[in-house]
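Asks: A predicted structure for the sequence below; I have some questions about it.
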There are 2 protein chains.
Amino acid sequence: MARWQPDAPGRLAAAALDLFEEHGYENTTVAEIAERAGLTKSTFFRYFPDKREVLFDGGTVTGVLVEGIASAPPAAGPLDAVAHALDALGRTFFTANRREFSGRRQAVLNANRELREREALKRLDLTASMNEALDRRGVPRLTARVAAELGTLVWEIAYDQWIDTDNSEDFGPLARQALAEVRAAGVVR
Amino acid sequence: MARWQPDAPGRLAAAALDLFEEHGYENTTVAEIAERAGLTKSTFFRYFPDKREVLFDGGTVTGVLVEGIASAPPAAGPLDAVAHALDALGRTFFTANRREFSGRRQAVLNANRELREREALKRLDLTASMNEALDRRGVPRLTARVAAELGTLVWEIAYDQWIDTDNSEDFGPLARQALAEVRAAGVVR
């Protein structure tokens, strides 16, 4: 029986990122990732279904956003509930110690079509999860769908700014700022 | 030298859809698709880089939308320019004779993760292309980004309704209706 490995997924992701940067995504095997992390291939597959998945967080971001929307004050409108969730994400997950890894990870994703496809599907899943969380708050169906779409856009704008090394602001304030700008863009009129 | 084949991409897509329905996407080879279409494997690869791509339109939808945004009346606001483009799409591409194929195609895409990933990336590409087309109209940067995101959502809502066999409305009016509803949802407030 394999022993429990402290933060095995994190070690596998860090090892994978190193190897993808050194040799390219295509030229790196799951066995090499596991070896670099000091783990076995079967441990890898306990946490990730395939190589593509190793740089994704297994649903943590989605979970934080869904929980953040659910726990927003009852009177909050749909975009305010999304803002509440983005704040929670900045406090618990997109923290300062994750910024450098996130920027390197994004560069690797951008360079590989397979990874960009997986990322694109994750983005759709994120939108769908926020949409469902807003539905559960009683937000009208189409309003929830639009708010989830705009929430995803705000998340994306803030994330791109947050991983930019010229920038030192925290994720939460960046998301608040992006949301205010999206609101001010007033495109629906 | 291979002869020119009338509508080779259309024949390949139709053959692929038949085979994916009969045997599943995973169990169908490019050679089988080409054979069913009465063409060669090398003809397949002249039109599509890989098997995943055969059910996508090679950029036709994107091209029609970009051209439609560019040719909208100068005074049209960003979402009105998008509406103009969606009308053009309904007139030239999502026409009645394509509806049944589109519905069958969507069922195949929904059933396969690889195809859903490719579709998700195409959706991002579509949004980016509309965003750029709006930029070229002089729409402010963030407004263009929001309008492109909402335009993609409207396209998706209208498309899902259009391929629904319980429905007999044309794509253009469905898109106009979805856009009006997205505007009325007024979520930005």
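Replies: All right, it came through fine.
Asks: can you tell me which helix in chain A is longest?
Replies: Assignment by DSSP state H gives helix A:113-136 as the longest helix of chain A.
Asks: Quick check: buried residues in stretch A:126-145?
Replies: Residues of stretch A:126-145 classed as buried: A:126, A:127, A:129, A:130, A:131, A:133, A:134, A:139, A:142, A:143, A:144, A:145 (neighbour count, 16 or more other C-beta atoms under 10 Å in any protein chain shown). (C-beta placed from N, C-alpha, C; glycine too.)
Asks: what do you get for stretch A:176-187?
Replies: A:176, A:178, A:179, A:181, A:182, A:183, A:185, A:187.
Asks: Just list the residues touching the closest residue to residue A:73 other than its chain neighbours, thanks.
Replies: Closest residue to residue A:73 apart from its sequence neighbours, by C-beta to C-beta, 6 or more residues apart in numbering or on different chains: residue A:84 at 7.5 Å. Going by C-beta atoms under 8 Å, 6 or more residues apart in numbering or on different chains, residue A:84 touches A:68, A:69, A:71, A:72, A:73, A:76.
Asks: cool, residue A:174 as well?
Replies: A:90, A:158, A:161, A:162, A:167.
Asks: Quickly note the distance from it to residue A:81.
Replies: Separation of residue A:174 from residue A:81 (C-beta to C-beta, to the nearest Å): 18 Å.
Asks: How about residue A:95?
Replies: 22 Å.
Asks: So which of these two has more stuff around it?
Replies: Legend: neighbour count by other C-beta atoms under 10 Å in any protein chain shown for residue A:95 and residue A:81, higher for residue A:81 (25 against 12).
Asks: Now do the SS call for the more buried one.
Replies: helix (DSSP: H, G, I helix; E, B strand; the rest coil).
Asks: surely it meets residue A:69?
Replies: Yes: the pair residue A:81 / residue A:69 is scored as a contact, 4.8 Å apart, by C-beta atoms under 8 Å.
Asks: Could you give the number of residues near residue A:11?
Replies: 19.
Asks: wouldn't it be in contact with residue A:34 here?
Replies: No: contact criterion C-beta under 8 Å: residue A:11 and residue A:34 do not qualify, at 9.6 Å.
Asks: What parts of chain A come near chain B?
Replies: A:77-79, A:113, A:116-118, A:120-121, A:123-124, A:140, A:142-143, A:145-147, A:149-150, A:153, A:157, A:181-183, A:185-189 (C-beta under 8 Å from any C-beta of the partner chain).
Asks: quick one on the thing from earlier: got the angle for the longest helix of chain A vs helix B:113-136?
Replies: Here helix A:113-136 runs at an angle of 80 degrees relative to helix B:113-136 (axes from the mean of the first three to the mean of the last three C-alpha atoms, to 10 degrees).
Asks: Tell me the first helix or strand C-terminal of helix A:113-136.
Replies: Scanning forward in sequence from helix A:113-136 by DSSP states H and E, the next helix or strand is helix A:141-162.
Asks: Now do the residue nearest to residue A:133 when sequence neighbours are not counted against residue A:15, distance only.
Replies: Sequence neighbours aside, residue A:69 is the residue nearest to residue A:133 in space, at 3.9 Å (criterion: C-beta to C-beta, 6+ apart). According to C-beta to C-beta, residue A:69 and residue A:15 sit 33 Å apart.
Asks: before we move on, what about residue A:71?
Replies: Relative to residue A:15, residue A:71 is positioned 35 Å away (C-beta to C-beta).
Asks: Have a look at those two and say which one is more surrounded.
Replies: Neighbour count, other C-beta under 10 Å: between residue A:71 and residue A:15, residue A:15 has more, with 21 against 11.
Asks: My guess is the more buried one contacts residue A:36. True?
Replies: Yes: checked against C-beta under 8 Å, the pair residue A:15 and residue A:36 is within contact range at 3.8 Å.
Asks: from memory the residue nearest to residue A:133 sits against residue A:82, does it?
Replies: Yes: counting by C-beta under 8 Å, residue A:69 touches residue A:82, with 6.5 Å between them.
Asks: so what's in contact with those two at the same time?
Replies: Joint contacts of residue A:69 and residue A:82 (C-beta under 8 Å, 6+ apart) are A:130, A:134.
Asks: center of chain A - which residue?
Replies: With distances taken as C-alpha atoms, centre = their mean, residue A:61 lies nearest the centre of chain A, 4.8 Å away.
Asks: which other residues reach the strand or helix carrying that one?
Replies: In this structure, residue A:61 sits in helix A:60-70 according to DSSP H and E. With contact meaning C-beta under 8 Å, 6+ apart, helix A:60-70 is reached by A:81-82, A:84-89, A:92-93, A:125-126, A:129-130, A:132-134, A:136-137, A:151, A:155.
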